[in-house]
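Trainee: quick one, structure for this:
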Amino acid sequence: MNKLKFGIKIDYSKEAENPSRVFHAMGDLVDGINEIQQAVVDAYGCELRLNSKLSRTIEGSLIGVQETSIESLDGKPEKKSNVLIEVQNVLMRFLRTPKSHKEREPFKKLTEDLTDVINDSKDTNPSTLHVTHLDEFIIAKATEKIINAINKKLSNDDDVFIGLGRRSEDPTTQIGKNVFMEKSVDDIYEKLTSFSHKKIALEISNAAFNGTTWRFKWLCKITGRQEFSAKITHNEWLDSWFDRKQSIFPGDGLRVNLTVDMNGKGRRVGHIIDYVHCIIPRNEMRQLQMSDSNNG
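Mentor: Model (predicted):
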């Protein structure tokens, strides 16, 4: 498969001081974009890796052309490499929208849009356990790195452009203009209050084959049976899962001890499972769901 080419151009002012700013900013731009792409690759829950190489640099304005692809661990290209084009398009739309970011919602929406890209690229008959999730906080931190590279490391007279494919060597799509971080991502996602739930039943939406963060659904209909991500820190149970000593099938659930972190606005911003009691078979999950419906 052909590698995706994308170029980053910093049209820098030759009158501005601190010339190293251009190279530091370019490094953060490349790192931020690659961190988002890597998060997308990790979300497939497969043994894949992002292959990213600097193809060339071009004189004049600082232009770096990068080649990226998705490969299996043995170096074979994967057809999922096409998803990187859509990832770049989603990211460019976000970075072209003027906004002073101080809330979580835009980053949540960005993560949802990237998740749609993943879902659209899935195989015709995907397994329920095939795709895990995108980590919203990682996406937010990587995006913050890109925004700050443009608006903190560069001068007001410097401009940044991105180009894909044939436009990679002469990027013309400007990003980051009037896009700022009014609050840091750490402050936006600050965890203020924690609530513990003992032996709660959760329906499994997606299980991670090589990670610690899974997707679940609330069983209680009061919460709207919404999906959420939770990190499992019960290492002994995880080891048994990775060693194939645990069998999970579509529709199964887990009975766990769950800690939910809430921000100052009462929104759930983090979920930690510190103990897994047992797997709940599908037929028992159905009975629990029926019981909740009858009690509603």
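
Trainee: and whichever helix or strand Glu236 is part of, average pLDDT?
Mentor: Glu236 belongs to helix 235-242 when assigned by DSSP states H and E. Mean pLDDT, computed over helix 235-242, is 94.

Trainee: after it, which helix or strand is next?
Mentor: On the C-terminal side of helix 235-242, the closest following helix or strand by DSSP H and E is strand 253-262.

Trainee: neighbouring strands - and their directions - for that next one?
Mentor: strand 193-206 (antiparallel), strand 268-280 (antiparallel) (DSSP bridges).

Trainee: ok now the helix holding Glu236, how far from the chain's centre?
Mentor: Put simply, helix 235-242 sits 24 Å off its chain's centre (C-alpha atoms, centre = their mean, to the nearest Å).

Trainee: next, the angle from it to strand 253-262.
Mentor: Put simply, helix 235-242 runs at 130 degrees to strand 253-262, going by axes from the mean of the first three to the mean of the last three C-alpha atoms, to 10 degrees.

Trainee: circling back to that earlier point, weakest of the strands paired with strand 253-262 in terms of mean pLDDT?
Mentor: Minimum mean pLDDT among the strands paired with strand 253-262: strand 193-206, a mean of 86.

Trainee: what about the closest residue in space to Asp159 that isn't next to it in sequence, distance to Asp274?
Mentor: Closest residue in space to Asp159, ignoring its immediate chain neighbours: Asp11 at 4.5 Å, by C-beta to C-beta, 6 or more residues apart in numbering. (Each C-beta comes from the backbone N, C-alpha and C, glycine too.) Going from Asp11 to Asp274 by C-beta to C-beta, to the nearest Å gives 50 Å.

Trainee: ok, these two, which is more surrounded?
Mentor: Asp11 (17 against 13; other C-beta atoms under 10 Å).

Trainee: how near is the more buried one to Asn119?
Mentor: 36 Å.

Trainee: and if you look at Val179?
Mentor: 27 Å.

Trainee: which of those two has more residues huddled nearby?
Mentor: Legend: neighbour count by other C-beta under 10 Å for Val179 and Asn119, higher for Val179 (19 against 11).

Trainee: give the other helices and strands that the longest helix seen in the chain contacts.
Mentor: Longest helix in the chain by number of residues (criterion: DSSP state H): helix 20-42. Applying 3 or more C-beta pairs under 8 Å, 6 or more residues apart in numbering; DSSP states H and E, one finds that helix 20-42 makes contact with strand 4-11, strand 48-58, strand 62-72, helix 83-95, helix 105-121, helix 136-148.

Trainee: for the residue nearest to Asp159, which residues are in contact?
Mentor: Residues counted as contacts of Asp11 (C-beta atoms under 8 Å, 6 or more residues apart in numbering) are 61, 158-161.

Trainee: pick the one among the residues you listed closest to Asp252.
Mentor: Val160 (46.9 Å; C-beta to C-beta).

Trainee: could you double-check that that closest one lies in contact with Ile150?
Mentor: Yes. The criterion here is C-beta atoms under 8 Å, and Val160 meets it with Ile150 at 5.2 Å.

Trainee: residues contacting Leu4?
Mentor: 67-69, 81, 84-85, 88, 164-165.

Trainee: let's see that with 10 Å instead.
Mentor: 37, 52, 66-70, 81-85, 87-88, 164-165, 168 (C-beta atoms under 10 Å, 6 or more residues apart in numbering).
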